[in-house]
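Engineer: Here is a sequence together with a model predicted from it:
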Amino acid sequence: LTVVGIAAMLWVGGHILLVNVGEAGFHWPADRLHDLEHWFGELVQGGFSGVLSWTAGTVASALVGLVLGALVVLIMHLIPKRKKSHSAH
């Protein structure tokens, strides 16, 4: 369940970031996601094209979430931590 939860959070988080960046006026990432989905959807005919299109969009969104999440973790590890002061009561 932990692995599925992490994968879902990467997918959903990456997709939210892609869509919201597009809504904010920078359309290139969301447009590339849609292009990728359409390209994979056109590879085959029939009902499987929808599954292939959805899978491609899901994997791409998860990769975006993974890369951006890794950058956040890297930045947080590079920021020096403040030591807590222990005061005598």
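Structural biologist: Received, thanks.
Engineer: This structure: helices as residue ranges?
Structural biologist: Counting by DSSP state H, one finds helices in the chain at the ranges 2-23, 28-41, 48-78.
Engineer: For the most centrally placed residue in the chain, list the residues it contacts.
Structural biologist: Of all residues in the chain, the one closest to the mean position by CA atoms, centre = their mean is Gly14, 1.8 Å from it. Applying CB atoms under 8 Å, 6 or more residues apart in numbering to Gly14 gives the contacts 60-66, 68. The way it works is simple: take the backbone N, C-alpha and C, and place the C-beta from them, glycine included.
Engineer: Out of those, which end up buried?
Structural biologist: Among the contacts of Gly14, those classed as buried by 16 or more other CB atoms under 10 Å are 60-62, 64-66.
Engineer: okay, how far is it across stretch 38-47, tip to tip?
Structural biologist: Stretch 38-47 has an end-to-end distance of 14 Å (criterion: CA to CA, to the nearest Å).
Engineer: Low-confidence ranges, this structure, go.
Structural biologist: Scanning the chain for pLDDT under 70 picks out 85-89.
Engineer: Need the helices of the chain in TSV (columns: distance to Lys84).
Structural biologist: Conversion of these to TSV gives the following (distance: least, CB to CB, whole Å):
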stretch	distance to Lys84
helix 2-23	29
helix 28-41	39
helix 48-78	17
